[in-house]
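>>> coordinates for the following, if possible.
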Amino acid sequence: MHKINLSEKLALFSEHWSPKIVGELNGQHVKLVKFKGEFVWHKHDDEDELFYVLQGSFRMEFRDKTVVLHEGDMLIVPKGIEHRPVADEEVSVMLFEPATTLNTGDAESTLTKEKLDWI
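Here you go, the predicted model:
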């Protein structure tokens, strides 16, 4: 058991759309990621995703609505729901999702990360 300081971990990387694993429990990964710009439309057929905004704000776009998230807000995207995060300015987000979750879900993209780094 050891303490994890999220601010220190966020200072270790600057790239956008490249999740980093900071913890694991019960088959779930806790990840940190920085967003800026538009991600790809995608869905996860078998996994729910939890997004918790640490710094900044972003929009989670769905085909039928948009949800704006600010620092301290959390959103759970149920499996099978198509979505796309969009951030006008850089935002830092903590993700909680099954270890098997591919960041781009069912969409192949240059943003797809097959293997994530631990920090």
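>>> so how far is Lys65 from Lys31?
In this view, Lys31 and Lys65 are 25 Å apart by CB to CB, to the nearest Å. Using the backbone N, CA and C atoms, a C-beta is placed for each residue, glycine as well.
>>> tell me where the protein has strands.
For the chain, the strands defined by DSSP state E occupy 20-25, 28-38, 49-55, 57-62, 66-70, 74-77, 83-98, 117-118.
>>> got TSV for those, with mean neighbour count too?
As requested, the strands of the chain are arranged in TSV below (neighbours: other CB atoms under 10 Å):
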stretch	mean neighbour count
strand 20-25	15
strand 28-38	19
strand 49-55	18
strand 57-62	18
strand 66-70	13
strand 74-77	16
strand 83-98	18
strand 117-118	10
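>>> out of the ones you listed, flag the one nearest Thr110.
strand 28-38 (12.5 Å; CB to CB).
>>> wait, what's in contact with the residue most central in space within the chain?
What sits nearest the mean C-alpha location of the chain, by CA atoms, centre = their mean, is Leu95, with 4.6 Å. Contact analysis of Leu95 by CB atoms under 8 Å, 6 or more residues apart in numbering lists 19, 29-33, 49-52.
>>> how much space separates it from Asp64?
Taken as CB to CB, the span from Leu95 to Asp64 is 23 Å.
>>> wait, Gly37 sits on Glu90?
No. With contact defined as CB atoms under 8 Å, Gly37 does not reach Glu90; the gap is 9.4 Å.
>>> lovely, talk soon.
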